[in-house]
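Visitor: Provided below for reference: sequence and predicted model.
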Amino acid sequence: MKMKKLNRGLISLIGSIAAWAGTVAAQPVVVTGTGDPNLDVPAVQAAVDQHGQVVLMGHFSFDRPPTTPTGAIYNRMVTVSTNVAISGSRDENGDLPTIKGGDWPFLIDAAGAQVTLQGLHFVRPTSGAIWIFAASGVAVIGCRVQGITASVEFGMQAGQPSPVSSAIFVGADPHPPSATQLGHPENFSGTVAILNNDIDLGGMAGTQALGVVMFNVGRSADKEVEIYVSGNRIRNLTEPAINFRVIAGRVYVERNVLITGSISAGTANPDAIRIVGTGLYLIAHNSIDCGWPDATATASI
């Protein structure tokens, strides 16, 4: 019964995302990549700032230093701050548009807004591909992440001694939650959907490479969230493929394929799926191939 309800919920969610994306703008803004980061980054930023629908085509380079807007703390290439649906248009060979490089290609800081990213191919970004810092409904669907370069900077921000990467990070503070690291859980509300993405971390020895990470998301009573992480393929990681810490709301994790690879970060008791703190969870029908050599490694905890 629970799984039937979950499937109906996902179908309803995908339908509502498609309906919303179809109404936000009559004519999408189309941006074609040039391969020059000094042209591609500002062109994508300008299109995203118009809100509505943005369609990316071709090959983009984000291979230049990131920016930190006034009043912000964290680096990024493009800031998403309003209602927008960003999607990729396949080329004549059926390939997704590629975004090469960039230290956090997209950071979503869109409190009160709804954001969708769909059908994008990230190639070797630094730190991670998508950071969701604030939103009132966000969906990442059908994207591909091909290798991530772990960074010392993100590791320091997370309070870790080694370089860290995360394909998709949801939270206002990359440091694991504690009594003194509360983040801003009120930044989030509504539905967070991470669906049908193909993520290859390319995790290397001496780094912490994680897949989908959510820290301090949602606030009880007035800003609870509903989270779906479903149908994703996540592989070659050194830390949890899916990592939840302190969630106010319901979380559904199902039909994901997780393949750790043979390199772990060497931390104590590694888990392919990790859950710490509050939240209501349904975790079902996931396939986990744990190749870490650690005797204490577990599929989930």
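Guide: Great, that's in hand.

Visitor: Poorly predicted segments of the stretch 151-300 of the chain, please.
Guide: 268, 299-300 (pLDDT under 70).

Visitor: now the strands for it?
Guide: Using DSSP state E, counting those that start in this stretch, the strands of the stretch 151-300 of the chain run over 164-170, 190-195, 198-200, 208-217, 225-230, 233-235, 242-247, 249-254, 257-259, 271-276, 280-284, 287-289, 298-300.

Visitor: residue contacts, the spatially most central residue of the chain?
Guide: Centroid check for the chain by C-alpha atoms, centre = their mean gives Ile168 as the closest residue, at 2.2 Å. For Ile168, the contacting residues are 128-130, 132, 140, 145, 194, 197, 199, 211-213, by C-beta atoms under 8 Å, 6 or more residues apart in numbering. C-betas here are computed from N, CA, C, even on glycine.

Visitor: picking up where we left off before, between the strands of the stretch 151-300 of the chain, which gets nearest to Asn75?
Guide: For those, the distance to Asn75 is smallest for strand 164-170, at 12.8 Å, taking C-beta to C-beta.

Visitor: one step back: just the buried ones among the contacts of Ile168, please.
Guide: Taking 16 or more other C-beta atoms under 10 Å as the criterion, what is buried in the contacts of Ile168 is 128-130, 132, 140, 145, 194, 197, 199, 211-213.

Visitor: How many residues are close by the nearest residue to Gln146 once chain neighbours are set aside?
Guide: Closest residue to Gln146 apart from its sequence neighbours, by C-beta to C-beta, 6 or more residues apart in numbering: Val123 at 5.0 Å. When neighbours are counted by other C-beta atoms under 10 Å, Val123 registers 21.

Visitor: From Gly58, how far out is Val123?
Guide: For Val123, the distance to Gly58 equals 13 Å [C-beta to C-beta, to the nearest Å].

Visitor: got it, and Cys143?
Guide: In terms of C-beta to C-beta, Cys143 sits 16 Å off from Gly58.

Visitor: So if I had to pick from these two, which one is more boxed in?
Guide: Set Cys143 next to Gly58 and count neighbours by other C-beta under 10 Å: Cys143 wins out with 25 against 16.

Visitor: can you pull the contacts of that one?
Guide: 96, 117-122, 129-130, 197-198.

Visitor: Same check on Val41?
Guide: 62, 64, 77-78, 102.

Visitor: Generate CSV for the residues you listed, with neighbour count, pLDDT and secondary structure as supplementary columns.
Guide: Output for the contacts of Val41, formatted as CSV (neighbours: other C-beta atoms under 10 Å; pLDDT from 0 to 100; DSSP: H, G, I helix; E, B strand; the rest coil):
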residue, neighbour count, pLDDT, secondary structure
Phe62, 24, 98, coil
Arg64, 15, 98, coil
Met77, 26, 98, coil
Val78, 25, 98, strand
Gly102, 29, 98, coil
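
Visitor: Which pair in those residues has the greatest spatial separation?
Guide: Taking C-beta to C-beta, no two of the contacts of Val41 sit farther apart than Arg64 and Val78, at 11.8 Å.

Visitor: Show me the helices in the stretch 101-250 of the chain, by range?
Guide: Remark: helices assigned in the stretch 101-250 of the chain by DSSP state H, counting those that start in this stretch are 152-157.

Visitor: Find the nearest non-adjacent residue to Thr207, please.
Guide: Counting by C-beta to C-beta, 6+ apart, Ala150 is the residue found nearest to Thr207 once chain neighbours are left out, at 3.9 Å.

Visitor: Hmm, Gln208 and the one you found touching each other?
Guide: Yes: taking contacts as C-beta atoms under 8 Å, Ala150 lies within contact range of Gln208: 6.8 Å.

Visitor: anything in contact with each of those two?
Guide: Common neighbours of Ala150 and Gln208 (C-beta under 8 Å, 6+ apart) are 162-165.

Visitor: from these, which single one is nearest Asn256?
Guide: Ser165 (18.7 Å).

Visitor: For Asn187, see how far away that closest one is.
Guide: Distance, Ser165 to Asn187, using C-beta to C-beta: 22 Å.

Visitor: Of those two, give the one with the bigger neighbour count.
Guide: Ser165 (30 against 23).

Visitor: so that one makes contact with Leu210?
Guide: Yes: using C-beta under 8 Å, Ser165 is in contact with Leu210, at 7.0 Å.
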